[in-house]
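Undergrad: sequence first, predicted model second:
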Amino acid sequence: MQVTELADVASFLASSRPVLDRDAAANNLPLGIAQQVLDHPDAYHEAHFWIAEHEGEVVGAAIRTAPYPVVLADPVLDEVVDAFTTALVETQPTLPGVTANEPWATRFADGWSAATGASWRRSIGQGVYTLTQVRPPRPAGGMSRAATDEDRPLLVRWMQAFEAEALQAMIRDERAMERGIDARLGPEATGGFSIWDDGGRAVSLTGWMLIPGGARVGPVYTPPEERGNGYASSLVADVSASMLQRGAEACFLYTDLANTTSNAIYRRIGYEQVAESSMIVFDEHA
């Protein structure tokens, strides 16, 4: 098994497609990160791309945008994960963690712990969902609209609130969040934000991004005082339907598995869980 670090994201996407395209739903996170780096090279200060090859075939793919953990695609062969662990112990010794579907996340973390003496903990468990047909929810008051540059202060405020509420345990780069907002509001953006507006009031927000094989939907945020009115359900359903109408083969989103309400909402509008993803953080060496 040979692990190779590639020089740029274009080479990574070209080489790793046999892995990523096997299951675009399960691999929508690395696909989305790669698309973001391809479209907006300045979105991250540092990016690394790896493939694993066995008998001349690409069987694994991994990507890291520092300071975030490494993200693994679902491997073709189980031992790919062990090969990545061995390679990254040498080249990324200060790696803060790993994000991957199970059982690959835990396998990588166990290997990292055995090799380095570091302990690990699961910071967030997420459901990976896919949708190919929308089941319209009970209509909420208002309608969806595209976010514009004028909405930027609102987007920053709500994205900060979302991260504080839902991603407290996640390694974050607030400047990257603002750069990501600017990228999605740009004239050449392959992604954007949609807002649910009720009587002139912005009451819910979601992002979206077109990627190979479909579209990623999220994050989704509704201020606490506006919850319980069906705004998020209507907004996500509307954006998902729009993505399918634009030619996306499927829509993908992540949920916090601890939030039973949001998981139930997405299932009701047609999303089905296809995998469970773990964000794992490495602690200090023992």
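TA: Received the coordinates, thanks. As the structure is a prediction and not an experimental result, all values here were calculated from the model.
Undergrad: ok, for the spatially most distant residue from the centre of the chain, nearest residue in space, not its chain neighbours?
TA: Here the chain reaches farthest from its C-alpha mean at residue 199, the gap being 31.7 Å by C-alpha atoms, centre = their mean. Using C-beta to C-beta, 6 or more residues apart in numbering and skipping residues adjacent in sequence, the residue nearest residue 199 is residue 142, 6.7 Å away. The C-beta positions use only the backbone N, C-alpha and C, and glycine is treated the same way.
Undergrad: please apply the same query to residue 111.
TA: That would be residue 85: by C-beta to C-beta, 6+ apart, it lies 3.7 Å from residue 111.
Undergrad: show me what the helix or strand harbouring that neighbour is in contact with.
TA: Element membership for residue 85 (DSSP states H and E) is helix 79-91. Residues outside helix 79-91 that contact it (C-beta atoms under 8 Å, 6 or more residues apart in numbering): 1-3, 5, 50, 52, 54, 59-60, 62, 70, 72, 75, 95, 104, 107-108, 111-112, 115-116.
Undergrad: now which of those residues would you call buried?
TA: 1, 3, 50, 52, 54, 59-60, 62, 70, 72, 75, 95, 104, 107-108, 111-112, 116 (16 or more other C-beta atoms under 10 Å).
Undergrad: so who does residue 113 touch?
TA: 119-120, 282.
Undergrad: same question, residue 194
TA: 144-147, 205-208, 235, 238-239.
Undergrad: just the buried ones among the residues you listed, please.
TA: The neighbour count (16+ other C-beta under 10 Å) marks 144, 147, 205-208, 235, 238-239 as buried among these.
Undergrad: CSV please, covering these and showing distance to residue 30 and pLDDT.
TA: Shown next, in CSV, are those (distance: C-beta to C-beta, whole Å; pLDDT from 0 to 100):
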residue, distance to residue 30, pLDDT
144, 28, 97
147, 26, 95
205, 24, 97
206, 21, 96
207, 17, 95
208, 18, 96
235, 26, 97
238, 27, 97
239, 22, 97
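Undergrad: in strands only, show me these.
TA: If you go by DSSP state E, these have 144, 205-208 in strands.
Undergrad: any idea what residue 64 is bridged to?
TA: Beta bridges link residue 64 to residue 48 when assigned by DSSP bridges.
Undergrad: low-confidence ranges in this structure?
TA: 167-175, 187-189, 284-286 (pLDDT under 70).
Undergrad: next up, the contacts around residue 141.
TA: Residues near residue 141 by C-beta under 8 Å, 6+ apart: 198-199, 229.
Undergrad: ok, residue 110 - how many residues close by?
TA: By the other C-beta atoms under 10 Å criterion, the neighbourhood of residue 110 contains 16 residues.
Undergrad: how about the nearest residue to it, chain neighbours excluded?
TA: Leaving aside its sequence neighbours, residue 110 sits nearest to residue 120 (C-beta to C-beta, 6+ apart; 8.0 Å).
Undergrad: so that neighbour sits against residue 280, correct?
TA: Yes: assessed by C-beta atoms under 8 Å, residue 120 is found in contact with residue 280 at 5.4 Å.
Undergrad: compare the two (neighbour count), which wins?
TA: residue 280 (22 against 19).
Undergrad: please identify which helix or strand holds that one.
TA: Applying DSSP H and E, one finds residue 280 within strand 272-285.
Undergrad: what are the buried residues along that strand?
TA: Using 16+ other C-beta under 10 Å as the test for burial, strand 272-285 gives 273-275, 277-282.
Undergrad: show me the protein divided up by domain.
TA: Structurally, the chain divides into domains by automatic domain parsing as follows: 2-127+278-285, 131-275.
Undergrad: how about the strands in the stretch 51-200 of the chain?
TA: 57-66, 70-72, 97-101, 118-131, 143-146, 191-198 (DSSP state E, counting those that start in this stretch).
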